[in-house]
Structure formats: structure tokens, C-alpha cells
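>>> What follows is a predicted structure for the sequence shown.
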Amino acid sequence: MGTQLSRWIAEPLLRMRSAAGRMRSAGSIMVFLAVCLALQMASFVMIMPLFARRFSDFGAGVEALSLSSMAYALTSTIAAPFMGTLADRFGRRPLVLGSLAVYVLTFCGYLFAGSAAIFILLRALAGAFTAGLIPAIFGIVADLAPEDRRAQWIGIVNGGASVGWIAGPLFGGMLYDRWDYVVPFTAAIGMAVVTLVTAFFLVPETRQRIAAMEIRQERRKFPIKDLTASFKSFRNSLPRSLPTFFVLLTIGFVEMFAWAFIEPQFMFYAYDDLNWTSSQLGFTMSTYGVALMLGEFTLGRLSDRLGRKPVLVLGLALFSAQFIGLAFFQDAVWIILSFTLAGLGNALFDPALSAHILDITPSEHKARMMGIKSTASSLGSMLGPALLVLFNSHIGPQSVFLIATCLTIFITLASSLGLKTVRSAPAVPGV
């Protein structure tokens with residue numbers, strides 16, 4: 001009797017201890033992912049504002065920079081859904097490590113590229129072979145995060161990227177102004193290597209075995225050689241609410257299109273019209289990153305508590321501030337303030353958007369759906385600079401910024417009308 005009673009008392013305590021240990025482990029993995037994204041983003045955005053300088057050295061201008069952005073986005077658009085599927089089938093870790101290794105190689109290529117054409121080719125290759133990074137990372141979050149804390153954990157991981165966005169542009173601009181482009185590009189390569197090594201030792205595989213079994217069963221049920229069956233298999237992997245999914249993908253497309261449409265023009269506009277230094281441009285981008293980081297670390301759980309829609313709509317409205325600031329102001333203070341508001345808006349809408357997609361997606365296909373989200377965003381990143389190339393000679397910078405303003409205001413209004421307010425599941429006691 002005493003032994004049975006002690007078992008009744010001990011077993012619940014052991015289960016509670018095991019659950020707490022899993023949560024600590026999951027929380028540690030979230031921190032490791034945030035650190036890796038911080039390092040990766042810092043290395044990338046350290047050199048991104050310098051792309052315009054490199055193309056100027058090649059004797060090229062806005063059109064060539066736009067083509068490089070378009071090439072990156074095009075290959076990423078094509079590759080992202082396939083990479084997401086690979087992350088669901090074979091695991092998250094190989095996609096994370098492979099993408100980070102490609103960043104190291106392409107950064108080396110950017111440093112030694114001898115012409116604009118080679119630089120554009122390298123960006124195209126980078127887009128194709130790093131497209132699996134974000135779907136795989138969000139697949140890890142989906143594997144580990146409780147539904148009622150999903151947006152919060154996405155915000156924490158994204159917050160790591162925001163830390164990199166703060167440090168990278170400012171540091172890269174200062175290095176360029178002092179030593180030219182070789183030093184910041186070399187520093188970016190070193191940071192990319194550190195990121196790869198960190199991920200190799202600290203990011204484990206989290207793909208659920210049951211999910212892999214379900215995918216294998218589905219593949220046997222719908223053989224890949226049968227196109228009709230393959231279509232049915234793909235349809236079964238889609239979220240439950242297709243209209244909602246379509247609206248969410250459209251939001252991801254428009255917000256990336258708007259930024260990609262103005263980005264090459266903005267960099268040359270800052271240098272040529274506003275007479276900014278690389279340090280000033282880097283500082284402006286860093287203020288965006290500060291607001292983004294603070295917002296993601298402190299406000300990430302708002303959509304878990306208040307519902308996805310209101311937080312998403314508010315974030316989109318604030319995100320439009322950067323385009324309004326560029327369209328109507330030339331004073332650096334007002335432009336920096338507008339970028340700060342936009343960073344806060346990004347911190348609000350992006351976790352809500354990703355969490356909303358994960359909420360309505362079958363558990364065994366979450367990385368695939370995040371890959372499709374990445375495809376929609378990459379499509380926007382591709383079409384934005386493509387249209388800028390077509391119309392750059394016919395419209396001025398202010399017109400470019402006004403078009404982006406109108407697009408973001410439109411998608412904000414459309415989201416407020418086209419989405420339903422959805423709350424996540426009630427919190428689990430002790431989680």
C-alpha cells in the first residue's frame with residue numbers, strides 16, 4: 001500500500017519535472033536560434049548597404065543593383081517551397097547548416113567579384129541555396145512552441161535577427177568610411193563562419209518522428225509519379241482555410257514588394273540626393289533594427305493574447321511610415337523617426353502573420369507552408385526591383401516612395417476587411 005501511494009505521488013512529480021525539462025530545453029533552442037539569426041543578419045546587413053558602392057565601382061547604377069535583387073528573389077521564389085518540403089521530410093538541421101554554409105561562400109564571392117554580372121550571378125545562387133533557412137527555422141519553432149505562445153517565440157527568434165540588423169549596417173558603414181569595402185566584407189565572412197560553427201554545435205534536429213511517418217504514409221498513398229495524386233497530396237497539405245491563407249500570403253507579398261521596390265532607389269537617393277555617408281545610411285537602418293528588436297522582444301505575444309488580426313493590421317499601418325517619411329521628408333530626423341515607427345510595425349505584424357499561418361496548417365506540413373510564405377515574399381522581392389528597372393528612367397525617387405506608400409496603405413485596409421479575428425488556444429497551466 002505504501003509503495004503504491006508513493007508511486008501515485010512520485011509519477012506526477014516526475015512527469016512535471018520532465019515537462020519542465022523539455023520546456024527549458026525548448027527555450028534554450030529558441031535562444032540558440034536567436035543568436036544564430038543575430039550573427040547571420042549582422043553579417044549580411046553589414047555589407048548590404050555597400051552593394052550600391054560596389055556596383056558604382058563596376059560602373060553600374062540603380063538598374064544593375066535592382067537586377068541583383070531581382071535575381072536573388074527569383075531563385076529564392078523558385079527554391080523556397082522545395083526547401084520547406086525537404087525540411088519536413090529530412091529534417092530542419094541539414095537545411096539550416098547548408099544555408100549558412102552557402103552564405104559563407106557567397107560572401108567570399110561578393111568580395112572577389114570582378115564585374116557586375118558576376119555579382120548578380122552570385123546573388124542568384126545565394127537566393128536558391130539559402131532559401132531553406134527561414135522555413136527550417138520556423139519549422140523548429142513550430143515543432144517546439146505551444147500554440148498559445150507561438151507568436152511570442154517567433155518574436156524572440158526574429159528579435160535575434162533584429163539585433164543583427166541594428167549592429168550590421170552601422171558597423172559596416174563605419175568600416176567602409178574608414179577602410180573601403182575590403183574590411184567590412186572580410187568581417188562579414190568571419191561572422192558568417194562563426195554563425196555556421198555556432199549552429200553546428202548548438203542547433204539540434206527537432207523534426208517529430210510522427211510527422212515524418214505521416215509524410216511517408218502520404219507519399220505511399222499518393223505516388224509522386226501520379227500527377228493527379230500528387231496534386232491531391234499537395235492539396236491535403238494546405239491550411240484548413242484557403243481564403244485566409246491567400247490573404248496572409250498576399251500580405252507577405254505586398255510588404256516585401258514595397259520594400260524591394262524602393263530599396264535600390266533609396267540607397268542611391270541617400271547617397272546622391274541627401275548626401276549621406278555610408279555611416280549615416282547604416283545608422284538609419286540600425287534605428288529600424290532597434291525598434292524591431294525592442295518590439296519583438298516585448299510585444300511578440302500581443303497577437304497570442306489579443307488575436308492575430310488587430311495586431312497584424314496595426315503593424316502594417318506602422319510599417320507604412322518609412323515610405324511616407326521618404327516620400328514627404330528630406331530631413332534626416334524625420335526619416336529616422338519614420339523608420340523607427342516602421343521597425344515597430346514590423347515587430348507587430350510579422351510574428352502575427354507567421355503564427356496565423358502555423359495556426360491553420362497541418363502539423364506535418366508546417367515547414368512547407370512557411371516555405372510557400374517565403375515564396376510569396378520572395379516573389380514580392382523579385383517583382384519590386386523588376387518594376388523599378390522598367391520605370392526608373394520615367395519616374396523620380398519621390399514617385400517611387402509614393403507608390404510604395406499607397407500599396408502598404410491598401411494592404412492594411414484590405415487586411416482589416418479580409419481577415420477574421422482569431423485567438424489562439426487557451427494557455428496551458430504551467431507552460
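Received, thanks.
>>> Could you use CA atoms for every contact and neighbour count after this?
Fine.
>>> Near the residue nearest to Pro204 when sequence neighbours are not counted, how many other residues are there?
In this structure, Pro204 finds its nearest non-sequential neighbour in Arg93, 6.4 Å apart by CA to CA, 6 or more residues apart in numbering. Using other CA atoms under 10 Å, the number of residues around Arg93 comes to 21.
>>> wait, Arg93 sits on Ala136?
Yes - under the criterion of CA atoms under 8 Å, Arg93 makes contact with Ala136 at 7.5 Å.
>>> phi, psi of Thr130?
Recorded main-chain torsions at Thr130 are phi -110, psi 0, according to degrees, to the nearest 10.
>>> circling back: which neighbours do Arg93 and Ala136 share?
Ala87 (CA atoms under 8 Å, 6 or more residues apart in numbering).
>>> quick one on the thing from earlier: residues in contact with the residue nearest to Pro204?
Arg93 is in contact with Ala87, Ala136, Val203, Pro204, Glu205, Thr206, counting by CA under 8 Å, 6+ apart.
>>> Quick check: it vs Thr106, distance?
Remark: distance between Arg93 and Thr106 (CA to CA, to the nearest Å) = 20 Å.
>>> Tell me which two of the contacts of Arg93 sit farthest apart.
The widest separation within the contacts of Arg93, taken as CA to CA, falls between Ala87 and Val203 and amounts to 14.2 Å.
>>> Of the two, which one has the most company?
For Ala87 and Val203, the more surrounded residue by other CA under 10 Å is Ala87, and the numbers stand at 28 against 21.
>>> ok, now which ones touch that one?
Shown here is Ala87, whose contacts under the criterion CA under 8 Å, 6+ apart are Arg93, Pro94, Leu95, Gly132, Pro135, Ala136, Gly139, Ala367, Arg368.
>>> Which phi and psi values does the nearest residue to the fourth one once chain neighbours are set aside adopt?
In space, and not counting its chain neighbours, Gly132 is closest to Met83: 4.7 Å by CA to CA, 6+ apart. In this entry, Met83 is assigned phi and psi values of phi -70, psi -40 (degrees, to the nearest 10).
>>> number of nearby residues for Met83?
Counted with other CA under 10 Å, the neighbours of Met83 add up to 28.
>>> mind listing what it touches?
Neighbour list for Met83: Leu95, Ala131, Gly132, Pro135, Arg368, Gly371 [criterion: CA under 8 Å, 6+ apart].
>>> can you give me the strands for the protein?
Remark: strands of the chain are absent; assignment by DSSP state E.
>>> any idea how far the residue sitting nearest the centre point of the chain lies from Leu175?
Compute the mean C-alpha point of the chain, and by CA atoms, centre = their mean the closest residue is Ile134, 6.2 Å away. Computed as CA to CA, the Ile134 to Leu175 distance reads 28 Å.
>>> again with Met46
With distances taken as CA to CA, Met46 is found 9 Å from Leu175.
>>> Then Leu86?
38 Å.
>>> before we move on, what about Val104?
If you measure Val104 against Leu175 using CA to CA, the figure is 19 Å.
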